[in-house]
Every structure is written in C-alpha cells, then in structure tokens.
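Undergrad: Below are the sequence and a predicted model; questions follow.
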Amino acid sequence: MTDNRNTILAVILSGLVLIAWQYWYNIPQMEKQRIAQQASQSQTANPKDASGANQPAGTTQAPAPGQQAGAPANQPAAAQAAPVQPRATVLAASPRVKIDTPSVSGSISLTGARIDDVALVKYRETVDPKSPAIELLSPSGTKEPFYAEFGFVPAAGSNVKMPDRDTVWKQEGSNALTPSSPAVLTWDNGQGLTFKRTISIDDKYMFTIKDEVTNAGNAPVTMYPFGLISRHGTPPVSGYYILHEGLIGVLGDHGLQEYNYKKIDEAKAVEFKATNAWLGITDKYWAATLLPSPKAAVQARFSSNLVGSLRTYQTDYLLDPITVATGGTGTTTTNLFAGAKESKTVDAYDQQLGLNKFDRLIDWGWFYFITRPMFWMIDFLYHIVGNFGVAILLVTVMVKAIFFPLASKSYASMAKMKAIQPQVAALKEKYPDDKMKQQQEMMEIYKKEKINPIAGCLPIVIQIPVFFSLYKVLFVTIEMRHAPFFGWIKDLSAHDPTNLFTLFGLLSYDPTQLPIIGHYLALGLWPIIMGITMWFQMKLNPTPPDPTQKMIFDWMPLIFTFMLASFPAGLVIYWAWNNTLSVLQQSYIMRKNGAKVELFDNVRALFAGSKKAT
C-alpha cells in the first residue's frame, strides 16, 4: 500500500512539474519569441541596407565583402534609410531580369545585380495547392530582405571604381533567365574596366555566376572576388533542439560549422580560412548557400550586426586577389544554391560540383548513419507505392523482419517467465515480509530456467534508434512536408489535426487555447489508436509481481498517448502499426514456445476487477 501511495504521489508531482514548466517557462518563452518577432517586424519599418559587415581576418588590404569602396575597415557600409514597402512595389521600382524555370520564379535586380527575388513554385505555404508559393529571397525594402550578392572589392588604397549595390547594370538582350538562356549583364566603370556577368540556372536551384573583367586601361588592376548572403531581421524558427536553423557551412578542415541566430548574436563574427568550403543560411526546408570553387582558398565569415535597431545576418567569403593586366581579361566563377533541401537534389550537386559534404545541408543529426538509410528506404518504397504513409508501414514490417531472431529470443524468455509465475507467487506466500529473500530466490529460479529477466525490454530498446531516426526523417526532410496518408491526415510531418476534446469537430472551440493545460489538450484520433495498441501490447505481457511496476505499466499507454499527441502524424502511425505487429509477433512466438496467450484473459480480468470494485 505504501509503495502504491508513493507511486501515485510521484505521478502527481511529475504532473505538477510538467504544468509548472509549461506555465513558468514554455509559455513565457513562446510569448518572448512572439514579442521579439513583432519587434523585429516593426523595426523593419525603417530598415537599413546593411549588406556590409566586419572585415574578415587577414584582409587588411581589402574592404569587407559588400562594403563601399573606401569604407573604413571594421565599419558597416553607409546605408540609406528606406521604409518597408509591399513586395510588388519594391520589385517594380527597379529594372529586373525575369527568372523562369520549372522550379524557380522571380527576378534579378539590375541595380547591384542582386539575386533577391526567388520563389519556389513547387512548394506552397499550406497543403492547399492554391496557396502562395514559398518566397525564399526578397529584396531590400521589403518586410524580410534576404538576398545574394557577388562582386569585387579593390586593394587598399586603390581608387579604381568597382560595381557596388547601387550600380545599375545593363542586360544584353531582353530574354528571361531560363535553363536554356543565361542572363548577360555588363557595366563600364569609365576608367578602362568593363565588367561582364553571365548568370545561368539549371532546372532546379543552382545559379552559376561567371564574372569577366576586361582591362583597357593603362595599368594592371588587382581586385578580390567576393560573395555574400545577407538576411535582415531575425526570422522565426521552429525552436527545436534536434533541428539547426541559421548560419551553416562545411569549411575545409574546420568541418561542419553551425551557428543558430542566438549563437552568432553572442559571437558577433567568426572567421575561417579554408579550402573546399561552402557556407550559407538555412531554414528547416529551404536554404541559400554560397558555393565557391572547391579548389579556391577562401576567407569565410559568419556575422551578426546591429545596424540601427535592425539585426542583420551575413555569410560571406573573400577569395585570393586576381590581377588583370593591361589589355587582359580576368575571370572568376562561383555558384549559388537557393532552393528546397531535396535530398536527391542536394546529393546530386554534391557529386556534380565535387563539394565538401554538401549533404550536411540537411540536418540528419548525430545518428546520420541510421537516419539517412531510413530515409532512403522510405523514399525507395514511396516511389513504388506512391504514398509515404504506406511506405512507413512497409519499412516497419521490414525492420520487424530484420530483428525477428532477436525478438524471438526475447519473447521466448517472456514465455518462460509466464510459465514460472506459480513459483513466483509461491515465493511471495513463503516470504511475505522479506522482499530481499524473495528477490534472491527469484534470481535462483531465473538461473535454473535460463531466463533473462530483462529480455522483455529488448524489443523496446531496439525500437529506440528506429523511432528516433524516423522522427528525424519526418521532421527535417522536405519530402515528408505536406505528404498525405489517408482520410484526415493531409500532412504526415504535422500532428493529427483531429481533437478528442472537440468531439472530433462537433464542438466549435479550440481547447488548446486554454491557459496552462491547453497544450495538453491536442489529442487526435491516431494518438488514441496508438495508445490503445500500446495498452493491448502491455496486457499481453505477464503482470509484474511488483505493485509499483504494475502501476507504471498500467499508466504508460495513457502517458505515451498524450506525449505523442503533438508529434508528427507519420510517427504516431508508425508507433501504432509497430505495436500491432508486436502483438501479433509476440502471440505467435509465445504459442510456439508453449506459453498461453492471455491477452483477452487479462483484459477480461481487468474489467471484471473494475466491476467488483464498484
């Protein structure tokens, strides 16, 4: 009785801790993020074009990427205040080159030759195919500027004029930028230098920028090629520990570098010298990354700058200088990825361009070696059956088949434990007040019958890495985004939209908005199905002799039902299906080993006990 009372008390205290955490930490954090986002949006009402940032280490002879020529070192470039305007108004205010591909639409600004208008036409904001396309890059002057810029900075002390963000380039011809027709831009600095930029794009998300500089002047000219990606304002993020959103890159020997927005705000700037590097800014499903030649030595930098009241994030690189002789031409080529983080597309670019682990742009996590094969298996089956949910069910069957020998041993051990239950009961009667003696005698029985008492835990332990890898796949891969199952599940990467506490739509109120407890009232039908299957699985096992263990096992299905309610629906469906297969598998193995399957007996006993109690 004392053990039961302590267990109940522990459960109550745990519930109070969860509620206290939700009320005192989680809700204030969410409110803090909401206020910060509103403040960020209001600050963009008077933004500054802060494309410049601190100077990279070791480049005292050249300004930082994006700075105006002659701007003091370690100081942001001068910028003009500009009110926030509608996106369409900003786009119409400057001459542009249209982008038109099967995957991308948008435009390139001839002012500054910025790639600052990119929409991903294959992806929509919601599951509704008529909802707006995802807008990845946006020009300065809009609510959330996000753009890429390329160019040159002169050597320190040089008065040679270079194109900057205010330079208006001329387009040769009037064609749109398509996979079959590049855009050619030119600009003459009036000092003997002619700049020619050829921008091409494939049918996915890769831009290629080729710069040619012709020197018709009287002296050689030295300049530093640069590339930058700038993002104004702190964007809203998912806020999950298992997902990186922010600045990212694989920088040669420095390896994978990830700085979320808070981390780079604290660091201000971090600098790397590397070869075989790429860097950029990533969201959950989309990214913009700079891809200089893998053979190029780059001075790379992540930075966060507060210009006025606006926070600006930037990744940039500076290459070794090129010198263009009189009458000669200098050439440099780089790439920009701006698009969806599709696994096959990212892998293809990694191979085609000889990049350094570009697949790490997708956050596969520490268990990369499990998560990627899990995705490949699901994706392979999807292309056969045409439904990611069905593919998950088939993968579950395959995993069960792979681990069947181990599960067979485990369930066989459990069958033996059921067989010795009378002996265990006799021990409790023989030593009613000596639990230590009970345990010692029980261990002797286990040893004699060659039973491993923890063997029953093995199937659950096996599920843990599979569960985690599937969770990661559902959470981070764009292929799972808006992937439907059947019925009401329109997005496997989102939680079940139904709710028990609205009687599955019969009541027109949202219980999740209730203070303190609302977070726990998002209980859909699939989590309930999962809980029921888990309950049946628990009832298939022998009743634990210890009252505390029995109570934990009795409450576990209900606890897991609420815990998994907010998880991606695909994960809950997997868990329910896995439980069902486990019940069938365990019943078969126990019958094979001569043990009685007491599932329905235990269920009947439970309800019979309830009737007696009343």
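TA: Thanks, I have it.
Undergrad: surely S94 meets S107?
TA: No: with contact defined as CB atoms under 8 Å, S94 does not reach S107; the gap is 9.4 Å. Glycine gets a C-beta too; all of them are placed from N, C-alpha and C.
Undergrad: residue ranges with poor pLDDT in the stretch 1-150 of the chain?
TA: In the predicted model of the stretch 1-150 of the chain, residues 1-82 satisfy pLDDT under 70.
Undergrad: Who has more neighbours out of S94 and S107?
TA: S107 (23 against 16; other CB atoms under 10 Å).
Undergrad: wait, what's in contact with the more buried one?
TA: For S107, the contact set (CB atoms under 8 Å, 6 or more residues apart in numbering) comprises L91, R96, V97, K98, I99, D117.
Undergrad: Among these, pick out the one closest to F380, please.
TA: I99 (32.7 Å; CB to CB).
Undergrad: Let's have the contacts of S107 in CSV, adding neighbour count, secondary structure and distance to S200.
TA: Below are these laid out as CSV (neighbours: other CB atoms under 10 Å; DSSP: H, G, I helix; E, B strand; the rest coil; distance: CB to CB, whole Å):
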residue, neighbour count, secondary structure, distance to S200
L91, 19, helix, 22
R96, 19, strand, 17
V97, 23, strand, 12
K98, 15, strand, 14
I99, 21, strand, 11
D117, 25, strand, 17
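Undergrad: Now render those as TSV, adding distance to F367.
TA: As requested, these are exported to TSV (distance: CB to CB, whole Å):
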residue	distance to F367
L91	43
R96	44
V97	44
K98	43
I99	38
D117	38
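Undergrad: Kindly indicate which of the residues you listed lies nearest S180.
TA: Distance to S180, by CB to CB, is smallest for I99 among the contacts of S107, at 13.0 Å.
Undergrad: didn't that closest one look like it was pressed against P179?
TA: No: counting by CB under 8 Å, I99 does not reach P179; the two are 10.4 Å apart.
Undergrad: so what's in contact with these two at the same time?
TA: When contacts are counted by CB under 8 Å, 6+ apart, I99 and P179 have I201 as shared neighbours.
Undergrad: Check the offset of the helix or strand containing V390 from the chain's centre.
TA: Here V390 is covered by helix 388-402, with elements defined by DSSP states H and E. Computed by CA atoms, centre = their mean, to the nearest Å, the chain-centroid distance of helix 388-402 equals 23 Å.
Undergrad: What residues of that helix count as buried?
TA: F388, G389, V390, A391, I392, L393, L394, V395, T396, V399, K400 (16 or more other CB atoms under 10 Å).
Undergrad: Which other helices and strands does that helix contact?
TA: Secondary-structure packing of helix 388-402 (3 or more CB pairs under 8 Å, 6 or more residues apart in numbering; DSSP states H and E): helix 368-385, helix 458-476, helix 569-592.
Undergrad: Report the separation between N579 and V307.
TA: Separation of N579 from V307 (CB to CB, to the nearest Å): 54 Å.
Undergrad: And the two? Which one has more around it.
TA: N579 (23 against 18).
Undergrad: which one is the more buried one nearest to, not counting chain neighbours?
TA: Excluding the flanking residues, the one nearest N579 by CB to CB, 6 or more residues apart in numbering is T533, at 3.6 Å.
Undergrad: per-residue pLDDT, that neighbour?
TA: Here, the pLDDT recorded for T533 equals 91.
Undergrad: residues in contact with it?
TA: The contact partners of T533, by CB under 8 Å, 6+ apart, come to A576, N579, T580, V583.
Undergrad: Do I have it right that the first one meets W526?
TA: Yes: taking CB under 8 Å as the contact criterion, A576 and W526 are neighbours in contact, 6.7 Å apart.
Undergrad: Pull the number of nearby residues for Q85.
TA: Other residues close to Q85 by other CB under 10 Å number 15.
Undergrad: a helix runs through it, doesn't it?
TA: No: Q85 is assigned coil when assessed by DSSP: H, G, I helix; E, B strand; the rest coil, not a helix.
Undergrad: was I right about it contacting T142?
TA: Yes: in terms of CB under 8 Å, Q85 counts as a neighbour of T142; the distance is 6.9 Å.
Undergrad: which residues do the two both contact?
TA: Contacts common to Q85 and T142, judged by CB under 8 Å, 6+ apart, are absent.
Undergrad: bridging residues for Q171?
TA: Beta-bridge partners for Q171, by DSSP bridges, are L185.
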